[in-house]
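1. model the following, please.
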Amino acid sequence: MRVTDAGLSSLPRPVAVAVGGGGVLGAAQVGVGYALEQRGFVPDLIVGTSVGALNGAIAAAHPGRAAPWLDRVWTRARRRTVFPFGYPSSRGGVFADRGLRGLIAMAGLPARIEELAVPFTAVAMDLATGAQVLLDHGDLESALLASAAIPGVLPPVEREGRTLVDGGVVAYLPVLAARQAGAASVVVLSAGPAGVAQRPAGLPRRAGAVAARAGLLLWQHQIERDLREVSSRIPTVVLPTGVDSWPAPWDFSHAQRLIGTACRAAGRFLDGLRVSGPGLYGVDGPLAAAAHAEAGR
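-> Numbers count the residues shown, from 1 in each chain. Model (predicted):
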């Protein structure tokens, strides 16, 4: 099926897709990708952080037909192959990055960023300065490894004289980078519980749960801040996933469920989307309140 969506087609060009982090939960982005492709949408540029960089690079390599490629990558991946124990490559990470390299090799990507069909940028962080680093040229594999190098989990990447780690630390949703790259509108693909409101029955008590809760809140504040800044200037569409039960970030067995749920939720949202100038258009979690506030103005 290929139809034209009035909401998407009315977005000012160039339109960027900003693909956020989320680890294994990035499988939900595949479902959103299906919904976009079913409606004939192809972006003018793609900016990705962490797992969103891998998904975004595949979308940039196969514009308009990337979702089936992504589906195969995600449904075939397993924790023990992506995050293998027992093979530390350095003191910089608990896991070696050979599993991630294998995942990249499965994706049918060219060697260099410039060879992608759609302009693409991967976002990383300079470990020395904390600065956001935009990787829009040169070796593609090292750019993806750097963008996804979770600090302490996967080893940092040495590239062009800098030591780089996961871009999600500074840009979980790379909407500011998309704006910096010249986008006149942005379509946002988020992933995981960082994009939805956290309403636990009670505050966590165990150390791991306390750290996870604090991390989610930190990311949510970053997301809301960046979306407010960008949406005050250009139309910013945040696509829902519809997922209300997220698996553990290392559990690949839920990929098919995440893909199907997100495809349906994003499709329903897109079919009702109407864009009328700068603002935030979205329905999920903490983003909903900001979207309603924008609509009220």
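
2. switch to C-alpha atoms for all contacts and neighbour counts from now on
-> Fine.

3. and the top strand by length along the chain, what other elements does it pack with?
-> Secondary structure assigned by DSSP state E gives strand 120-126 as the longest strand of the chain. Applying 3 or more Cα pairs under 8 Å, 6 or more residues apart in numbering; DSSP states H and E, we find strand 120-126 packed against strand 45-49, helix 51-61, strand 132-135, helix 140-147, strand 162-166.

4. in its sheet, what does that strand sit against?
-> strand 45-49 (parallel), strand 132-135 (antiparallel), strand 162-166 (antiparallel) (DSSP bridges).

5. if you count neighbours, what's buried in the shortest one?
-> Spelled out, that is strand 132-135. Buried residues in strand 132-135, defined by neighbour count with 16 or more other Cα atoms under 10 Å: Gln132, Val133, Leu134, Leu135.

6. and the last one, by the same measure?
-> Applying a neighbour-count criterion of 16+ other Cα under 10 Å, the buried positions in strand 162-166 are Thr163, Leu164, Val165, Asp166.

7. any chance of those residues in JSON lines, with distance to Ala53 and pLDDT too?
-> Below are these laid out as JSON lines (distance: Cα to Cα, whole Å; pLDDT from 0 to 100):
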{"residue": "Thr163", "distance to Ala53": "18", "pLDDT": "97"}
{"residue": "Leu164", "distance to Ala53": "14", "pLDDT": "97"}
{"residue": "Val165", "distance to Ala53": "13", "pLDDT": "96"}
{"residue": "Asp166", "distance to Ala53": "10", "pLDDT": "94"}
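
8. greatest separation within those: which pair is it?
-> Thr163 and Asp166 (10.7 Å; Cα to Cα).

9. any idea how far Gln220 is from Ala214?
-> Distance, Ala214 to Gln220, by Cα to Cα, to the nearest Å: 10 Å.

10. who has more neighbours, these two?
-> For Ala214 versus Gln220, neighbours defined as other Cα atoms under 10 Å are more numerous around Gln220 (23 against 11).

11. which helices and strands does the helix or strand containing that one pack with?
-> Using DSSP states H and E, Gln220 falls within helix 207-231. Counting contacts by 3+ Cα pairs under 8 Å, 6+ apart, helix 207-231 is packed against helix 175-180, strand 279-282, helix 285-296.
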